[in-house]
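Visitor: What would the 3D arrangement of this be:
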Amino acid sequence: MDDPYTQPDSDCLINKLGLADANALAEAEFRIVSIRDVQAARASIPGDFSLSHLQDFHRFLFQDVYSWAGRTRTVDISKPGAYFCHWRFVDDEVGSVLAELATEGYLVGLHREAFLSSLAHFYGELNTRHPFREGNGRTLRAFLRQLSAAAGFQLDWSELSKAENIEACRIHLNTTDTTMLKRVLTPVVRRIN
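Guide: Predicted coordinates:
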């Protein structure tokens with residue numbers, strides 16, 4: 001199936017940088033988005049933790065790289081052993097998860113253990129939706145970092161084990177079990193004093 005996000009006869013995403021090599025794009029994207037992520041961490045991105053707010057995070061992080069930054073995907077995507085939400089349902093599904101987050105008071109007022117359990121749940125659920133063609137993990141981590149700060153917790157994503165995170169997300173996607181997600185998120189979460 002043709003992917004409208006990729007260059008013809010290539011696995012390289014169409015990009016504003018004019019790059020036609022997927023590896024060169026990945027390296028440039030990483031550098032650019034890392035700078036934007038630091039900017040997002042130093043100042044808040046205004047919003048109400050809704051789908052449009054999540055889209056604002058994606059737009060902010062990827063605005064220099066992709067013309068579709070901030071827009072939910074229009075194709076199905078997968079990774080080995082992981083099929084994400086069908087694209088036609090992404091907006092409704094993400095909206096539903098974020099409505100649940102609102103119902104739970106955006107995790108404000110929770111003690112650390114309850115916060116960690118809720119964070120693992122929402123991290124896992126939003127990850128299974130994978131609303132963007134690229135950049136879901138980085139967008140989700142920036143979004144949850146700001147949400148957590150508003151709830152009185154700091155998330156230090158440098159403490160996250162990449163390999164264990166991938167496995168925990170895979171397990172959650174296939175079973176909805178958050179046990180491993182809680183374990184990999186434990187070193188990431190600190191209460192703000």
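
Visitor: Following the helix or strand of the chain with the lowest mean pLDDT in sequence, what is the next regular element?
Guide: The helix or strand of the chain with the lowest confidence, counting by mean pLDDT, DSSP states H and E, is strand 82-83 at a mean of 86. For strand 82-83, the following helix or strand on the C-terminal side (DSSP states H and E) is helix 90-103.

Visitor: neighbouring contacts of the least confident helix or strand of the chain?
Guide: 76, 169-170, 173-174 (C-beta atoms under 8 Å, 6 or more residues apart in numbering). Where you see a C-beta, it was placed from the backbone N, CA and C, and this is true even at glycine.

Visitor: Would you tell me what the next helix or strand after the helix or strand containing residue 53 is?
Guide: Assigned by DSSP H and E, residue 53 belongs to helix 51-62. Next along the chain after helix 51-62, taking DSSP H and E as the criterion, comes strand 78-79.

Visitor: what pairs with the least confident helix or strand of the chain, and is each one parallel or antiparallel?
Guide: The strands beside strand 82-83 in its sheet (DSSP bridges) come out as strand 78-79 (antiparallel).

Visitor: Quick one: mean pLDDT over the partner strand.
Guide: The average pLDDT for strand 78-79 rounds to 89.

Visitor: How about stretch 54-73?
Guide: On average, stretch 54-73 scores 98.

Visitor: quick one: the least confident helix or strand of the chain to chain centroid distance?
Guide: 16 Å (C-alpha atoms, centre = their mean, to the nearest Å).

Visitor: Return the set of buried residues in the helix or strand containing residue 30.
Guide: Following DSSP H and E, one finds residue 30 within helix 22-42. For helix 22-42, the buried set under the neighbour-count rule, 16 or more other C-beta atoms under 10 Å, comprises 25, 28-29, 32-33, 36-37, 40.

Visitor: Counting by contacts, list what it packs against.
Guide: helix 51-62, helix 136-150 (3 or more C-beta pairs under 8 Å, 6 or more residues apart in numbering; DSSP states H and E).
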